[in-house]
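Undergrad: model the structure of this input:
(2 chains)
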Amino acid sequence: MIAPGSDSAGIGWSGHTVVLPIVLPIAAAGVMFLLDERRRMLKGGLSLATVLALLGIALVLVASVGDGPAIYRLGNWAAPYGIVLVADRLSAMMLALNAILGLCALVFSFARWGRAGPRFHGLFLLLLMGVNGAFLTGDLFNLFVFFEVMLAASYGLVLHGSGTTRIRAGLGYIAVNLVASLFFLVGVSLIYGTMGTLNMADLARRLAAPSAGELALFETGCAILGIAFLIKCGAWPLGFWLPTTYAAATAPAAAILAILSKVGIYVVLRLSLLLFGEGLSAGFGFAVIFVMGLATILYGTVGILGSRDLTRAAGYAVMISSGTVLAALGTGSAGALAGAVYYLFGSTLAAGALFLLAEILQRGRDPTEVAEPVFADEYRDPFDDAGAIEVGTVLTSSAATVGMALLLCALMLAGIPPLAGFVGKLAIFAGLTRDTATATDWVLVAILTLSSFGTLLPLVRMGIRSLWVSHEGAPPVLARSELVALGGLLAACLALSVWGGPALAYADATVHWLKQPQDYVRAVLGGQGGAAS
Amino acid sequence: MELVLSLGIGAFAAAGVWLILRPRTFQVVLGLSLLSYAINLFIFAMGRLTVGSPPVLGAGIDTVSVDDPVPQALVLTAVVISFALTALFLVVLLAARGVTGSDHVDGHEPSSAEPRPGHPQP
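TA: Numbers count the residues shown, from 1 in each chain, chains lettered A, B, ... in the order given. The predicted structure follows:
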């Protein structure tokens, strides 16, 4: 795969860490498609090893980006003409988030859902690869390619398990995202047509110079590009597809899809701070992002109050979390954005956990169980041995465990003390009101507080209804791997709360770095000449 | 040449948008294909229109009248991706037609008993 010996740059093994989050999963996915569906242990083991390696690499990157971003030039071509991967604080953090969520969703799928249809593991790894690539890439067209890889895999995962509900939701999901991809292409080509480059750092450099021509057309291109990403975020009024699709998907697929909306957020964050933080079109689009963020929070809150099952509620929780980050970005306050970055990490983990929990609670009462196979190569009933694996791993105290987990999820998502959701929201409030709080800042504070109550109420109500009210059927049954997956996500949430100080400091440093686009430009385009000798 | 190309892109895009908003899945697929044609031509046009100029620099080539090869490379990628995803969408369309017995985008005919939007019947 990688031959550092033949690399003329001589950057050694450690220099290749940046490309591994892309190379590893795609290589493993390639092997996966060659293996027979029946070799489950091998496939599961290979997936698990890959995702564990991804987590390790992400943690190494998080630890190492403190003293400057890692730049990886593919084929050792210099930046504006060659393709670069850039791992800075934000990318490394998002890689870690993707790896944690991916690991837990994968472990969860071992119990049951991984067998609900063919080629789960391959699609899952390709999705991880696409997401990682989108976080790492340093130019817009590769971003498009990684987006498409990620989306193509997500189409497969949404349809995983088959059934009328999923196919119907998948049809809408695919149509919306294909249109979004076309917006993406229009935006990218307009930007290329006006600026003559697609490298993000080069774009920022050309914008900082005073002679950028056709600025209006460039901004139009960026706005069209923004539509594509805001559709992915689920921002109002572009996100109506999100709750329906996520509710229809199987639990592990929905949990990993929670990161997909954050890819949109990541790109909006990256591009607006890099291109519009300063320079010719400074401040472009921030007001729109702020209003859309507020509207998304409100829409999500109304939606979660009105949802009757936990999977839909989790979908709306994803929207609220997206809206919070967008609104905080729109205010332009660095302190609020640091809080939002911290909040983003915790709320994504909690939303993923909520998707897993919802499946456990609705098991047996769920109309979206696996249905008849549609295509002939789904050659066997996936759950014909489902009973066999559940026996012996059933936990007696599962009702209490599930209840505790639901409580933690609700506290995280609603932002109630003492968990990370509260710390994040408090950091946003502190950032907004620290120096000069305007009326719009107070509006955001009010709406965020309102959305906290709006989230807590339906989650508690659903918890009471599904756990305390006596039911005809058996209590929720938890397989061991499901417990491990759920526990992993919640442990990550708890760790984020316990080590809130270092995590917030990291978020602060991330925003500080993002607010200085000239450092990014210098790191990517110049000052790294040593490797080219 | 510019006028013909822009009229062509406009016609493709208008037909595509109209078809995407139609209620039948096959019309949506055709609309997506037409829209992607429009977009591909648009990307191509972003490299500026030239006639007979080479896209690759070499000895003895006048650097003033060189065509930009990057948008052409971008179009190639976009064509492949949109082709593949249209094929995938067709498969999902067939599956939806198979399980719901209807080629309406909602999976049921509008005249039948209407479930509340967002809460599909099992």
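Undergrad: distance of the nearest residue to residue A:333 once chain neighbours are set aside relative to residue A:272?
TA: Leaving aside its chain neighbours, residue A:333 sits nearest to residue A:431 (5.1 Å; criterion: CB to CB, 6 or more residues apart in numbering or on different chains). Glycine gets a C-beta too; all of them are placed from N, C-alpha and C. Distance of residue A:431 to residue A:272, given as CB to CB, to the nearest Å: 17 Å.
Undergrad: now residue A:479
TA: Residue A:479 sits 43 Å away from residue A:272, going by CB to CB.
Undergrad: re earlier: how many residues are close by the residue nearest to residue A:333?
TA: Neighbour count for residue A:431, taken as other CB atoms under 10 Å in any protein chain shown: 23.
Undergrad: where's it, which helix or strand?
TA: For residue A:431, the host element (DSSP states H and E) is helix A:420-433.
Undergrad: now do residue A:322
TA: Here residue A:322, judged by DSSP H and E, is contained in helix A:310-331.
Undergrad: is chain B contacted by the following helix or strand past that helix?
TA: Next helix or strand after helix A:310-331 toward the C-terminus (DSSP H and E): helix A:334-362. No: if you take CB under 8 Å from any CB of the partner chain as the test, helix A:334-362 misses chain B, and the best it gets is 12.2 Å.
Undergrad: how much space between residue A:428 and chain B?
TA: 30 Å (CB to the nearest CB, to the nearest Å).
Undergrad: I figured that residue hits residue A:336, correct?
TA: Yes: at 4.8 Å, residue A:428 counts as touching residue A:336 under the criterion of CB atoms under 8 Å.
Undergrad: return the set of buried residues in stretch B:44-57.
TA: By neighbour count on 16 or more other CB atoms under 10 Å in any protein chain shown, the buried set for stretch B:44-57 is B:44, B:45, B:46, B:47.
Undergrad: I misspoke; the intended subject was stretch A:273-285.
TA: Going by neighbour count (16+ other CB under 10 Å), the buried part of stretch A:273-285 is A:273, A:274, A:275, A:276, A:277, A:278, A:279, A:280, A:281, A:284, A:285.
Undergrad: and residue A:469, how many neighbours?
TA: Residues lying near residue A:469 (other CB under 10 Å) number 7.
Undergrad: which secondary element of chain A has the worst mean pLDDT?
TA: The weakest-scoring helix or strand in chain A, judged by mean pLDDT, DSSP states H and E, is helix A:386-390 (a mean of 44).
Undergrad: now the helix or strand following that one: buried residues?
TA: Sequence-wise, the next helix or strand downstream of helix A:386-390 (DSSP H and E) is helix A:398-414. For helix A:398-414, burial by neighbour count (16+ other CB under 10 Å) applies to A:398-399, A:401-403, A:405-414.
Undergrad: convert the C-alpha atoms of the helix holding residue A:431 to PDB, please.
TA: Extracted C-alpha coordinates of helix A:420-433, given in PDB (Å, rounded to 0.1, in the frame of the first residue of the first chain):
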ATOM      1  CA  ALA A 420     -21.200  17.700  28.700                       C
ATOM      2  CA  GLY A 421     -24.300  19.000  27.000                       C
ATOM      3  CA  PHE A 422     -24.700  21.500  29.800                       C
ATOM      4  CA  VAL A 423     -21.000  22.500  29.800                       C
ATOM      5  CA  GLY A 424     -21.200  23.100  26.100                       C
ATOM      6  CA  LYS A 425     -24.300  25.200  26.200                       C
ATOM      7  CA  LEU A 426     -22.900  27.100  29.200                       C
ATOM      8  CA  ALA A 427     -19.700  27.800  27.200                       C
ATOM      9  CA  ILE A 428     -21.800  29.100  24.300                       C
ATOM     10  CA  PHE A 429     -23.700  31.400  26.700                       C
ATOM     11  CA  ALA A 430     -20.500  32.600  28.300                       C
ATOM     12  CA  GLY A 431     -18.900  33.300  25.000                       C
ATOM     13  CA  LEU A 432     -22.000  35.200  23.800                       C
ATOM     14  CA  THR A 433     -22.400  37.400  26.800                       C
END
